[in-house]
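1. Please work out how this folds:
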Amino acid sequence: MRFLNDWRWEGPAAPLAIAVQGGFKAQKLDVVVTPGTGSAATVSRVAGGEFDIGLGDLSALVEFAARNPSVAPPVAVYVLYERTPAALFLRSSVSLKSRELNLAAPPFDGGRKLWPALARQADMPNVKWQNVDAAAREKNFAAGQYDGITGFYFTTLLNLEREDMSGRYYTVTPFYELGLRVYGNVLMVNPKFLKANPKAVERFVRVYHDSVKAAVRDTDAAIAALMQVEPRTDAKLEWRRARLAFDRFVDTPGAREAGLGTIDMARIQSGIDLVAEVFKLPAKPEARAIATTEFLPPRAERKL
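-> Here you go, the predicted structure:
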């Protein structure tokens, strides 16, 4: 099985490292993992068959399905981030009440792509976007080049710290605090692979879920597993990054109530409706075309 992660081997990928260290093998799964280049980029690469399974952004999946009606879209089978991790980082001298903001992000950044949906939910200023490479985003912001940037909360926060930019120089606001209630990253499967290998997908989801649960409960052990996969890991930094991800976006009140990984089809449909409207998409996919609850472990086993 060819798996594309959303990003590099950092703290939030610790559950995947646990699975690689033993869980996949125990379930007789031969999984080849490739680090990703962004949660939105996963969608087209899984849809095209380059990868069988990937971790990617649900809103990007909705957009892909609407813009490519002749291509069967990937199917979401497990929700990792119950809230979108997208966040807005603004220089302290700049206000959300400004008439216009000069923001920067890579074109594929999840926060940048979700901005129209955020603007619909909250009264946001007009924005002039600048393209920036992901590797230079925080460095350029710390150097004073933009009013703000968008990025995943737990990635950009610690990257700014690494650039010696302390929290007193900027404010950070997760999109969910501004009223944008959409799922973040989900496990998505190529539809042909799903149809041909349902039992393998079920076992993959089981291993991944068990690994997420283990990482949330014992992050020290999870980071130790991550260091086995990526020996250059800064253990203290990535432990903090992992906890920022787990505490705000994985182990949320919603996940506590419904269980880890839960796919609420009504919420999927409301997310589709929102994304289709604000992106002015040419079509609106049905929830059942891009998501299924068939492969989730029993609810009792998904409770933290």
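
2. Select the longest helix from this protein.
-> helix 198-217 (DSSP state H).

3. what about it, average pLDDT?
-> Per-residue pLDDT over helix 198-217 has a mean of 98.

4. where exactly do the helices run in the stretch 201-304 of the chain?
-> 219-229, 235-245, 253-258, 265-278, 287-290, 299-302 (DSSP state H, counting those that start in this stretch).

5. Just the buried positions in the longest helix of the chain, please.
-> In terms of neighbour count (16 or more other CB atoms under 10 Å), helix 198-217 has its buried residues at 200-216. Just so you know, the C-beta spots here come from the backbone N, C-alpha and C atoms, and that holds for glycine as well.

6. And for stretch 102-119?
-> Buried residues in stretch 102-119 (16+ other CB under 10 Å): 103-106, 108-119.

7. who's in contact with the longest helix of the chain?
-> The contact list for helix 198-217 (CB atoms under 8 Å, 6 or more residues apart in numbering) reads 1, 14-16, 18-19, 23-24, 26-29, 31, 53, 77-78, 80, 187, 189, 193-194, 221-222, 242, 246, 250-251, 260-261, 294-297, 301-302, 304.

8. what's the offset of that helix from the middle of its chain?
-> The chain centre lies 17 Å from the centre of helix 198-217; the measure is CA atoms, centre = their mean, to the nearest Å.

9. try stretch 296-304
-> On the basis of CA atoms, centre = their mean, stretch 296-304 sits 21 Å off its chain's mean C-alpha point.

10. Let me know the angle separating the longest helix of the chain from helix 235-245.
-> Per axes from the mean of the first three to the mean of the last three CA atoms, to 10 degrees, the angle that helix 198-217 makes with helix 235-245 is 110 degrees.

11. Kindly list the main-chain dihedrals of the residue nearest the centre of the chain?
-> Nearest to the mean C-alpha position of the chain, by CA atoms, centre = their mean, lies N185 at 3.2 Å. Backbone torsions of N185, given as degrees, to the nearest 10, read phi -80, psi 140.

12. Can you tell me how far it is from T37?
-> 14 Å (CB to CB, to the nearest Å).

13. swap in K236?
-> K236 is 26 Å from T37, by CB to CB.

14. Helix or strand with the lowest mean pLDDT in the protein?
-> helix 110-121 (a mean of 88; mean pLDDT, DSSP states H and E).

15. which residues touch that helix?
-> 38-40, 57, 59-60, 63, 84-88, 103, 105-106, 124, 127, 129, 150-152, 175, 178-180, 182, 184, 274-275, 277-279.

16. How many residues are close by Y183?
-> Residues lying near Y183 (other CB atoms under 10 Å) number 24.

17. Show the contacting residues for it.
-> Contacts of Y183 by CB under 8 Å, 6+ apart are 58, 79, 81-84, 267-268, 271.

18. Next up, identify which helix or strand it is on.
-> Secondary structure assignment for Y183, by DSSP states H and E: no helix or strand.

19. List phi and psi for it.
-> According to degrees, to the nearest 10, Y183 has phi -60, psi 150.

20. and it, how far is that from F193?
-> Using CB to CB, Y183 is found at 22 Å from F193.

21. Which residue ranges make up the domains of the chain?
-> What the record gives for the chain is the domain set 2-83+183-302, 86-178, from automatic domain parsing.

22. Lowest average confidence across those, which one?
-> With a mean of 93, domain 86-178 has the lowest mean pLDDT of the domains of the chain.

23. which stretches of the protein form strands?
-> 2-4, 32-34, 53-57, 75-79, 86-91, 100-105, 126-131, 148-152, 170-174, 185-189 (DSSP state E).

24. In this protein, which residue sits furthest out from the middle?
-> Distance-from-mean max, the chain, by CA atoms, centre = their mean: R99 at 29.7 Å.

25. Make sure that one is actually in contact with V127.
-> No. Between R99 and V127 there is no contact under CB atoms under 8 Å: 10.7 Å.

26. if we can go back for a sec, quick one, which of the strands of the chain gets closest to L226.
-> With CB to CB as the criterion, L226 lies closest to strand 32-34 of these, at 12.1 Å.

27. Point out the other helices and strands that that closest one packs with.
-> strand 2-4 (3 or more CB pairs under 8 Å, 6 or more residues apart in numbering; DSSP states H and E).

28. Okay, now the sheet partners of the strand it packs on, with direction.
-> Paired neighbours of strand 2-4 in the sheet (DSSP bridges): strand 32-34 (parallel), strand 53-57 (parallel).

29. Check the burial of the closest residue to P285 other than its chain neighbours by counting its neighbours.
-> Residue nearest to P285 in three dimensions, not counting chain neighbours: A65, with 4.0 Å by CB to CB, 6 or more residues apart in numbering. By other CB under 10 Å, the residues close to A65 number 25.
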